[in-house]
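Novice: how would this look folded up:
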Amino acid sequence: MFANAVAAGVSSAMVPGILDAQGKPVVLTHVVAVANDDRGVISPCGRCRQMMFDYYPDIKVIVKDDEGVLRTVSVQQLLPFAYDQKRIRGLGDPAKAAVDL
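Specialist: Here you go, the predicted structure:
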C-alpha cells in the first residue's frame, strides 16, 4: 500500500530528526530510513530527500537496491534535479528554463 508514501501531510521521523539536528552543534553525515511492518530499509520520500538536500547537501543515504543490497548514495543521486536556488534563478529566462522541449 502506498498511502503514506504519497500523502503530503504525513510526516516521517526523518523530518523532525533533520530539524532537531539543525539546532545542535552536529553535522549529519549519513542517514537511513527504516519502515515498519518488517519492510526494513526503504528509500526516503521526496519531501525528506528535499529537506536533506536543503540542510545537508553532502549527506549520504543508505538505501536498499533492487537486489536487496544496502548501498550508500548521495542525496544528489536520489534527487538529481533538486529544487535549489541555482535552478530557481534560471526560471526567469525561458532559454535556461526549457531544455529539450
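Novice: Next secondary structure after the lowest-mean-pLDDT helix or strand in the chain?
Specialist: Lowest on mean pLDDT, DSSP states H and E among the helices and strands of the chain sits helix 3-6, with a mean of 49. Sequence order places helix 14-22 as the next helix or strand after helix 3-6, per DSSP states H and E.
Novice: helices or strands up against that next one?
Specialist: strand 30-35, helix 46-55 (3 or more Cβ pairs under 8 Å, 6 or more residues apart in numbering; DSSP states H and E). For every residue, glycine as well, the C-beta is placed using N, CA and C.
Novice: ranking the ones you listed by burial, who's on top?
Specialist: helix 46-55 (a mean of 18; mean count of other Cβ atoms under 10 Å).
Novice: got the buried residues for stretch 77-86?
Specialist: Within stretch 77-86, the residues that qualify as buried by neighbour count (16 or more other Cβ atoms under 10 Å) are 78, 79, 82.
Novice: quick check, nearest of the residues you listed to residue 17?
Specialist: Of all the buried residues of stretch 77-86, residue 78 has the smallest distance to residue 17: 16.7 Å, by Cβ to Cβ.
Novice: confidence score at the closest one?
Specialist: On pLDDT, residue 78 comes in at 90.
Novice: start at 53 instead
Specialist: Yep, numbering from 53; the last one is residue 130 now.
Novice: residue contacts, the nearest residue to it once chain neighbours are set aside?
Specialist: Nearest residue to residue 130 in three dimensions, chain neighbours excluded: residue 101, at 5.1 Å (Cβ to Cβ, 6 or more residues apart in numbering). Shown in contact with residue 101 (Cβ atoms under 8 Å, 6 or more residues apart in numbering): 127, 130, 131, 134.
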